[in-house]
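# the amino acid sequence is not available; the structure is as follows:
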């Protein structure tokens, strides 16, 4: 059974850091494209960061570039999103996603999704 299980969200003060994890089971993550999306209240789901395995192409939303880092650990079959210098506007539910040949950063084309983990940035 294909499954993605997220962890690592929570409440953090502005300027703080969090690392989101997304553990895959039922398939091998290393050959799949990976991505992180987020949904903030009143806003549509948007791509935060995407990584294409075939050409190593990487995308970061302009609002997180230089602060967030997408990565994967093939030995652990897990993908990560390291978030530094967090801002209140980063508050959202974050979702990991993966697929064999999704349209790059287009969320409807990713077939596998985590359950979502809430991140709240507030003092």
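Perfect, I can see it now. From a predicted model like this one, the values you see are computed outputs, not experimental measurements.
# what residue is smack in the middle of the protein?
residue 36 (2.4 Å; CA atoms, centre = their mean).
# residues making contact with the helix or strand where that one lies?
Per DSSP states H and E: residue 36 is located in strand 33-39. For strand 33-39, contacts defined as CB atoms under 8 Å, 6 or more residues apart in numbering pick out 20, 22, 45-54, 70, 72, 79, 81, 90, 92-102, 104-105, 107, 110, 116, 119. Yep, even glycine has a C-beta here, placed from its N, CA and C like the rest.
# what's the answer for stretch 113-123, then?
4-14, 16, 18, 20, 22, 38-39, 83, 86-97.
# give me the buried subset of those.
Among the contacts of stretch 113-123, the ones that count as buried by 16 or more other CB atoms under 10 Å are 4, 6, 8-9, 12, 18, 20, 22, 38-39, 83, 86, 90-97.
# now residue 22, nearest residue through space, not along the chain?
Spatial nearest neighbour of residue 22, excluding adjacent residues (CB to CB, 6 or more residues apart in numbering): residue 96 at 3.4 Å.
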